[in-house]
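Enquirer: below is the structure, and that's it, no one-letter string:
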């Protein structure tokens, strides 16, 4: 432009997202022409400028108001969604969608053939369950494979038990002749094969105290075959105790004193008691997961232990019926068994051993095979709407030794109906706040293998994201009352869930009321709450093992069970060929109302954990449990005995710190700013992680898979448990140096858990 002044801005270094790589800008400013003042000069211009500025100001106010309304409206909706909470209306919808007739249909299908873990039948069922989850509307499904070591009998060469005299066989078991070829002959999984022959000893239930009594009576088990009745403790521990006593083989049977208390004429199919030829199958291995890949998932690229180095049984074992047991017990002509050792087989005078001049011997022939097989888990996912990275997991195992009408298929039938109802809820527009995962596990009967491998493979993610694991196994093994075992801080949520469910048998009552009546915490109090057991104590091994004991994920297990005053082990036809749909339909739950009540409690519990804004976990209940555990320790071993060898003061102080921190935390949660989802999530994470703080990464001495310092199976009975197991094991062994070490680890761990609740690392002491 003529007469203009050019100002040049030099190129600047660096990247400009506004002008790419071109930063040379020329500004040309023209000089004023004379007489060009225009509209905004002078007094008139001043007035115009004021009017324009006023107009712009008013326009700005209006625009700001509109923008403020529009921008603040979105966060309001987001905040509402972030505050999604448990709804009684949603709860009722879920309950109404579950139907007893659907559960009955499920069970009839599940029990039409045997489906042992690792079999083609089990795989076919896994594929069908996966397809059902897809059809129900789950967001994702997965069929997850693992290669594991399983154990089966040889179909061409049945295991036999006989008694012989010289070269003569006086009696031998005939084995079971099944028309259904999918059924295996009864056996003890993982028993080594082999043939052994020796004199017989009767050892009652095979507990440690039973073997001690034999020693006290001068009876030596070395080189002998030991016969024991099922019940009281895990079958694998019976075999281990016999091996430790020097036995060369084991024979197990179900005594009518425990499994047919009204006599042989009052058994299935007249009543629910076990017939004379019923035989209980089951595994006898200690531990959980694949025997060849402990602590690691059994996937293709993982190294395996040689079988010789794996934790496997060392002597052969075989189960028989009480019909056959009668013949062998009558071989015995030695010392008379104590009164409480005598079972219910007529025509048997229960003796402990054979006299020196009794030359008859028992011969045990086992032809089991250990094979590497593929097993499968089915995983179905419903994505959470607000916190998809927080998982509530519901699981049930699929495999059964025979037809499994109770264990596990009563649970599988409920599991499928819960899945169907949840899928319908999602299709109608609802989503849980947190992600719900449903898992059908493979090969649980061989030592909770499917679930353990999945936990081992995903332990890092689960440790960060899993809220809780809810297990349903033999969901309906009786029809008297609900039964539950849980991590201490989950006991309240399942009690509250049971209050919402109508009792199957008593109109006007809830499941909670019947439960409190049948299993009260304090029997003398009319308003006593129902008892929720600790999972580690008196609870059958199941798929919660790895979640709680290895990964520290808070867990619970729920079922309906028999009259607690009926002092018999579990249900009579447990793991036998008589565990059929007909048995369930005729003698336990004819209209499947008990199944419906059970799955409604499970579904309601899952819903509360998945949908509640604040997780329904009460850490004060965990503190109460810790105090009880310390008192029980002193009571069991004697205060004076413990105080002579151990100082429990620091442990008690740590428990006191934990109690104070938990009370404070419950108060903080109760008064938390619910308009701030981040604050609430922080509190939830502390509740979720609390169980994890009770883990020792190194595990228990000699048992690295069991990392929980408070809970673990007993060394001598995997069906029961020990509180402070590392400490208790050391005390039982009389190793006070190891006891001091374990006490220190427990104390420091509880102190650390207390600090975590109270932000102790930030605050300091």
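Expert: Looks like it arrived, so ask away. What you are looking at is a predicted structure, and each value in this text was computed from that prediction instead of being measured.
Enquirer: check whether residue 591 really touches residue 103, as I assumed.
Expert: No - counting by Cβ atoms under 8 Å, residue 591 stays clear of residue 103, with 10.3 Å between them. Backbone N, C-alpha and C define where each C-beta goes, glycine included.
Enquirer: shaky segments in this protein?
Expert: 1-48, 52, 56, 58-79, 174-177, 537-539, 716-721, 760-765 (pLDDT under 70).
Enquirer: how about stretch 409-428: buried residues?
Expert: Residues of stretch 409-428 classed as buried under the neighbour-count rule (16 or more other Cβ atoms under 10 Å) are 409-426.
Enquirer: neighbour-wise, which of residue 591 and residue 103 wins?
Expert: Using other Cβ atoms under 10 Å as the criterion, residue 591 and residue 103 rank with residue 103 on top: 29 against 12.
Enquirer: helix or strand for the more buried one, just tell me which one.
Expert: Element membership of residue 103, judged by DSSP states H and E, is helix 100-110.
Enquirer: so what touches whichever helix or strand comes after that helix?
Expert: Using DSSP H and E, the next helix or strand after helix 100-110 towards the C-terminus is helix 120-136. With contact meaning Cβ atoms under 8 Å, 6 or more residues apart in numbering, helix 120-136 is reached by 110, 113-116, 141-143, 182, 374-378, 380, 398-399, 412, 416, 419-420, 422-424, 438, 440, 442.
Enquirer: quick check: buried residues in the following helix or strand past helix 120-136?
Expert: Sequence order places strand 140-152 as the next helix or strand after helix 120-136, per DSSP H and E. For strand 140-152, burial by neighbour count (16+ other Cβ under 10 Å) applies to 141, 144, 145, 146, 147, 148, 149, 150, 151, 152.
Enquirer: between those, which is closest to residue 224?
Expert: Here the nearest of these to residue 224, counting by Cβ to Cβ, is residue 151; it sits at 24.4 Å.
Enquirer: quick check: the closest one touching residue 368?
Expert: Yes - the pair residue 151 and residue 368 passes the contact test of Cβ under 8 Å, sitting 5.6 Å apart.
Enquirer: quickly list what's touching both of these two.
Expert: Taking Cβ under 8 Å, 6+ apart as the contact definition, residue 151 and residue 368 share the neighbouring residues 187, 189, 190, 191.
Enquirer: what about these, which are in strands?
Expert: In this view, those that belong to strands under DSSP state E are residue 189.
Enquirer: now for the shared contacts of residue 151 and residue 368, which pair is the farthest apart?
Expert: Longest span within these, Cβ to Cβ: 187 and 190, 9.7 Å.
Enquirer: overlap in contacts of the two?
Expert: Shared contacts of residue 187 and residue 190, defined by Cβ under 8 Å, 6+ apart, are found at 151, 368.
Enquirer: OK, contacts around the spatially closest residue to residue 184 that is not a sequence neighbour?
Expert: In space, residue 184 comes closest to residue 153 once its chain neighbours are excluded; the distance is 5.6 Å by Cβ to Cβ, 6 or more residues apart in numbering. Neighbouring residues of residue 153 by Cβ under 8 Å, 6+ apart: 159, 184, 185, 187, 367, 368, 369.
Enquirer: same thing with residue 365?
Expert: Going by Cβ under 8 Å, 6+ apart, residue 365 touches 159, 160, 161, 162, 195.
Enquirer: tell me which of those is nearest to residue 759?
Expert: Lowest distance from residue 759 to the contacts of residue 365 (Cβ to Cβ) belongs to residue 159, with 60.1 Å.
Enquirer: any idea how far that closest one lies from residue 143?
Expert: The gap separating residue 159 from residue 143 is 33 Å, by Cβ to Cβ, to the nearest Å.
Enquirer: likewise for residue 201?
Expert: Residue 201 sits 47 Å away from residue 143, going by Cβ to Cβ.
Enquirer: buried ones in stretch 330-341?
Expert: 331, 332, 334, 335, 337, 341.
Enquirer: do the same with stretch 302-314
Expert: Across stretch 302-314, burial judged by 16+ other Cβ under 10 Å covers 302, 304, 310, 312, 313.
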